[in-house]
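Asker: all I have is the shape, not the residue letters:
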């Protein structure tokens, strides 16, 4: 199951915060993308590791995280990733559809659709 609503809503948030669709379009293949800095890469690797079943968090990943984030930030990041996992599974189980929240400018434009 794919949580289309979660992808839509979180893509909008990322586009608003980064001011660009580059990162939104690159998240799925973040390892090969050059638009993420080292701190973002550490967070994305952590999200991938936490999302895996079973989770894959090794000592090298913990060391990398600690080089970019303090303990409080790691705790907050962990909580956010865990919440997003819960939300994605919840919405996927209920087949909550995308709401068209994040629409690239090249897509069909509709009144009120956020453009980034």
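Answerer: Yep, that arrived. Note that the structure is a prediction, hence the values are computed from the model and not measured.

Asker: so how far is residue 76 from residue 64?
Answerer: Counting by CB to CB, to the nearest Å, the separation of residue 64 from residue 76 is 17 Å. Any C-beta I mention is one placed from the backbone N, CA and C, and that applies to glycine too.

Asker: again with residue 95
Answerer: With the distance defined as CB to CB, residue 95 ends up 30 Å from residue 76.

Asker: cool, and residue 21?
Answerer: From residue 21 over to residue 76 the distance is 26 Å, taken as CB to CB.

Asker: who are the contact partners of residue 55?
Answerer: The neighbourhood of residue 55, defined by CB atoms under 8 Å, 6 or more residues apart in numbering, consists of residue 49.

Asker: which phi and psi does it have?
Answerer: Recorded main-chain torsions at residue 55 are phi -60, psi 150, according to degrees, to the nearest 10.

Asker: tell me the secondary structure for residue 36?
Answerer: Taken by DSSP: H, G, I helix; E, B strand; the rest coil, the conformation at residue 36 corresponds to coil.
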